[in-house]
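J.: sequence plus the predicted model coming up.
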Amino acid sequence: MKIIWFGHSCFRIELSNAVKIITDPYKSQAYSGAVKYMPIGESADIVTVSHHHADHDFTEGVPAKEVFDKKGVYTVGDIKIETVASYHDDTHGSQRGENIIFIINAEGLRLAHFGDLGTLDIDYGKLTGLDVVMVPVGGVFTIDYKDAAVLLDKLQPKIFIPMHFKTHKIEFDIDGVDKFIKDRDNVEEKDFLEVGKDSLPDSPRIVILKHIR
């Protein structure tokens, strides 16, 4: 499968049979222009929405056959999608509400998109055997780089993709990815990620993707 990063928390996961999954589609120019990533401009077979904020739930801009924005277990063809309930903050949702972690089981791989995770108080029993994870690292509205490092150590995924961090296309007062990767030697930058069951690394790798929007 091929994983590309549009920007923020939005990825396209394209399977070998051309099925496209898009995660947390943002609204370009949302929050008075603070979200400067260009419009996504694509359709999808499946869209997942971790929570209903404008930088994560602009499904109007991504025509899709299926949109999943609630907790549950979903099956689409050979794809199984599980969800894990969590919170957008560390006060049980009292500040920013709930957040859904989506686990995508496809082509022998187990991927997890953590949305705007704001706490490490989650059900780790449901988050075992993960091959690829997409985790926020910018802080303020989500867990920060320190908590993301704790999560990396707990989950031990084969590939860890940081998201929801400061770039020149986002005006939120959050950290860039540099704090998370500082002093690490298992980091690589890629335009996109191609990964299969037989090509997973032997030890955890951090992959920084380049946003395409």
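T.: Perfect, thanks for sending it.

J.: point out where the protein drops to low pLDDT.
T.: Across the chain, nothing is flagged by pLDDT under 70.

J.: output the contacting helices and strands for the lengthiest helix in it.
T.: Determined from DSSP state H, the single longest helix within the chain is helix 145-155. Contact here means 3 or more CB pairs under 8 Å, 6 or more residues apart in numbering; DSSP states H and E; on that basis helix 145-155 packs against strand 132-136, helix 178-181. Where you see a C-beta, it was placed from the backbone N, CA and C, and this is true even at glycine.

J.: of all the ones you listed, which one comes closest to Ile81?
T.: strand 132-136 (14.2 Å; CB to CB).

J.: give me the angle between the longest helix of the chain and strand 132-136.
T.: Orientation check (axes from the mean of the first three to the mean of the last three CA atoms, to 10 degrees): helix 145-155 against strand 132-136 gives 160 degrees.

J.: give me the buried positions along helix 145-155.
T.: Buried residues in helix 145-155, counted by 16 or more other CB atoms under 10 Å: Tyr145, Asp147, Ala148, Ala149, Leu151, Leu152, Leu155.

J.: ditto for stretch 114-124
T.: Buried residues in stretch 114-124 (16+ other CB under 10 Å): Phe114, Gly115, Asp116, Leu117, Gly118, Thr119, Ile122.

J.: possible to save the buried residues of helix 145-155 as a markdown table with distance to Asp55?
T.: Formatted as a markdown table, the buried residues of helix 145-155 follow (distance: CB to CB, whole Å):
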| residue | distance to Asp55 |
| --- | --- |
| Tyr145 | 19 |
| Asp147 | 20 |
| Ala148 | 18 |
| Ala149 | 24 |
| Leu151 | 21 |
| Leu152 | 24 |
| Leu155 | 24 |
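
J.: check contacts around the residue nearest to Leu15 when sequence neighbours are not counted.
T.: In space, and not counting its chain neighbours, Leu15 is closest to Met1: 5.1 Å by CB to CB, 6 or more residues apart in numbering. Met1 is in contact with Ile13, Glu14, Leu15, Ser16, Ala106, Glu107, Leu109, Glu194, Val195, Gly196, counting by CB atoms under 8 Å, 6 or more residues apart in numbering.

J.: tell me the one of those residues nearest Asp131?
T.: Closest to Asp131, out of all of those and judged by CB to CB, is Leu109, at 4.7 Å.

J.: number of nearby residues for Ser16?
T.: Ser16 has 10 neighbours, counted by other CB atoms under 10 Å.
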